[in-house]
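>>> Sequence and predicted structure are below.
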Amino acid sequence: DAKTTQPNSMESNEEEPVHLPCNHSTISGTDYIHWYRQLPSQGPEYVIHGLTSNVNNRMASLAIAEDRKSSTLILHRATLRDAAVYYCILREMNTGNQFYFGTGTSLTVIP
Amino acid sequence: ETGVTQSPTHLIKTRGQQVTLRCSSQSGHNTVSWYQQALGQGPQFIFQYYREEENGRGNFPPRFSGLQFPNYSSELNVNALELDDSALYLCASSSQGGPGSTQYFGPGTRLTVL
């Protein structure tokens, strides 16, 4: 059911920006793009979401391609606390607005 | 504001037994979803409850059932436990079920089936 594709793992140096890509080529006009992250031994934590326009919040920025078939989560300055599995999720109205998670991207932050 | 809480934290059962997991949603939230997360995998959607009614179900057999109470807390029941049911069970609440709404997850219940 997962409709997104992400790299299995990525590495970043501490205090460097991180760009986490996600492909969602089957997205429809009413589907929202959500990003969550999961730290070890914790439940997933909301990061950001958007529909068409780029979004910014205190945690991250979300850049959505013009055709909406891909998006990028941007962490502006990675810290050791950002080491987690990041999930890109399409929330689809035609499947009851449920979250369908893929396997996510495991981000390692190098001190 | 109290976040999503789940109980118990850990649970060990044997094959064939039944288990009940509990979730208290965040204050003001009327929608609860349950997920199963096997080791090394992303969470898999089990079902969602909105105002005490089941409002969507993933690809799980009927032995997975649930309830939502008037205070919007929820239970997940699993009958006839199988070894493959060993997983982290996550509960998430939201204020409404639309595609732009945010879900807030609890810390999960780790179930081990022997």
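Ah, there it is.
>>> Let me see the backbone angles for residue B:85.
phi -80, psi -10 (degrees, to the nearest 10).
>>> And what about residue 88, helix, strand or coil?
You didn't say which chain, so I picked chain A. What DSSP: H, G, I helix; E, B strand; the rest coil gives for residue A:88 is strand.
>>> Can you show me the helices along chain B?
Counting by DSSP state H, chain B forms no helices at all.
>>> what about residue 104, how many neighbours?
No chain in the question, so chain A it is. 28 (other CB atoms under 10 Å in any protein chain shown). Quick note: C-beta positions are derived from backbone N, CA and C, even for glycine.
>>> Chain B, not that one
18.
>>> What residue, apart from its backbone neighbours, is nearest residue A:21 spatially?
residue A:72 (5.3 Å; CB to CB, 6 or more residues apart in numbering or on different chains).
>>> Which element, helix or strand, includes that neighbour?
If you go by DSSP states H and E, residue A:72 is part of strand A:70-75.
>>> Could you tell me the average pLDDT over that strand, please?
Mean per-residue pLDDT for strand A:70-75: 96.
>>> which residues make contact with that strand from outside it?
Outside of strand A:70-75, the residues within contact range by CB atoms under 8 Å, 6 or more residues apart in numbering or on different chains are A:12, A:17-25, A:33, A:35, A:47-48, A:50, A:59-65, A:82, A:86, A:88.
>>> do stretch B:51-69 as well
Residues from elsewhere that reach stretch B:51-69 (CB under 8 Å, 6+ apart): A:1, A:95-98, B:30-32, B:34, B:36, B:44-50, B:70, B:74-80, B:97.
>>> What mean pLDDT does that stretch get?
Computed over stretch B:51-69, the average pLDDT equals 93.
>>> Ok, stretch B:10-26 next?
97.
>>> list the buried ones in it?
B:13, B:19, B:21, B:22, B:23, B:24, B:25, B:26 (16 or more other CB atoms under 10 Å in any protein chain shown).
>>> ok, the third one touching residue B:109?
The reference is to residue B:21. Yes: using CB atoms under 8 Å, residue B:21 is in contact with residue B:109, at 4.9 Å.
>>> can you list residues touching both of those two?
Contact criterion CB under 8 Å, 6+ apart; residues shared by residue B:21 and residue B:109: B:6, B:7, B:8, B:11, B:89.
>>> circling back to that earlier point, inside strands: which ones of the contacts of stretch B:51-69?
Residues of the contacts of stretch B:51-69 located in strands (DSSP state E): B:31-32, B:34, B:36, B:44-50, B:74-78.
>>> For chain A, which segments are assigned as strands?
Counting by DSSP E, the strands of chain A are A:9-13, A:18-23, A:32-38, A:45-50, A:55-56, A:61-64, A:70-75, A:84-91, A:105-110.
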